[in-house]
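*Asks:* Compute the structure for the input listed below.
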Amino acid sequence: MGHYCNTFTGLISTPFEHIALVWGIVPLYFGLLLNEITSDRANYRTALQTGFSFLWAGAQWLWPYFKIRRAGEPEIELGAMLPINLLVTFLVIALGVVALFSGLRKKFPKHLRFIGHTRFANYFMITIFPIQAHYLPWTWERLTAIVLFAIPIWLCLHFGLMPLRNR
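*Replies:* The predicted structure follows:
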């Protein structure tokens with residue numbers, strides 16, 4: 001278990017060791033804390049928060065792949081992205097768009113009400129951020145650490161921030 005603890009610590013600390021990642025990770029932490037001190041029920045406001053967090057993370061992951069051509073028009077160069085990074089990035093962006101529009105329209109698509117729950121969404125965006133930003137590679141060990149620490153982190157946040165919630 002100590003090995004997974006070190007792996008998890010590496011996932012959390014890596015964005016703060018590289019100044020280029022701080023700009024992308026701090027809003028996700030802010031969103032996580034904001035979500036933890038508000039209602040835990042899925043609603044349209046939380047869907048907006050989820051949409052913003054997902055779109056922010058997806059944009060941060062795609063940004064390094066934009067190249068400026070001579071004519072000044074941006075071109076995206078995705079050849080360097082691993083297929084898993086590409087899949088996760090576009091899945092996160094798609095869910096972000098759906099969540100944002102759901103919040104704006106005040107209507108969830110059938111079977112997609114879960115996008116209004118932002119707590120776990122921000123946790124997963126924070127933990128996979130250094131992997132998706134290509135500062136750490138995808139491994140089963142990292143994925144296992146993310147899953148193993150999801151419930152303990154949620155419990156700590158839930159009970160630790162309970163005095164601040166719904167004031």
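*Asks:* all helices for this protein, in order.
*Replies:* Along the chain, the stretches classed as helices by DSSP state H are 2-17, 19-36, 44-62, 83-105, 119-132, 140-160.
*Asks:* helices or strands up against the first one?
*Replies:* Under the contact criterion of 3 or more C-beta pairs under 8 Å, 6 or more residues apart in numbering; DSSP states H and E, the helices and strands touching helix 2-17 comprise helix 19-36, helix 119-132, helix 140-160. To be clear about C-beta, it is placed using only N, CA and C from the backbone, and glycine gets the same treatment.
*Asks:* Could you save the ones you listed as a markdown table and add columns showing mean pLDDT?
*Replies:* Below are those laid out as a markdown table (pLDDT from 0 to 100):
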| stretch | mean pLDDT |
| --- | --- |
| helix 19-36 | 84 |
| helix 119-132 | 86 |
| helix 140-160 | 89 |
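*Asks:* Same list (those) but as JSON lines, adding distance to Gly10 and mean neighbour count.
*Replies:* Below are the helices and strands packed on helix 2-17 laid out as JSON lines (distance: least, C-beta to C-beta, whole Å; neighbours: other C-beta atoms under 10 Å):
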{"stretch": "helix 19-36", "distance to Gly10": "13", "mean neighbour count": "16"}
{"stretch": "helix 119-132", "distance to Gly10": "8", "mean neighbour count": "22"}
{"stretch": "helix 140-160", "distance to Gly10": "8", "mean neighbour count": "14"}
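*Asks:* Looking at the helices of the chain, spot the one closest to His111.
*Replies:* With C-beta to C-beta, the closest approach to His111 among the helices of the chain belongs to helix 83-105: 11.4 Å.
*Asks:* on that earlier part again, can I get the helices of the chain in TSV including distance to His111?
*Replies:* Conversion of those to TSV gives the following (distance: least, C-beta to C-beta, whole Å):
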stretch	distance to His111
helix 2-17	30
helix 19-36	22
helix 44-62	14
helix 83-105	11
helix 119-132	17
helix 140-160	22
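*Asks:* Can you verify my assumption that Leu21 contacts Ile131?
*Replies:* No. If you go by C-beta atoms under 8 Å, Leu21 and Ile131 don't touch, sitting 11.2 Å apart.
*Asks:* center of this structure - which residue?
*Replies:* The chain has Met125 as the residue nearest its centroid, 1.9 Å off, counting by C-alpha atoms, centre = their mean.
*Asks:* Right, I'll call it a day here.
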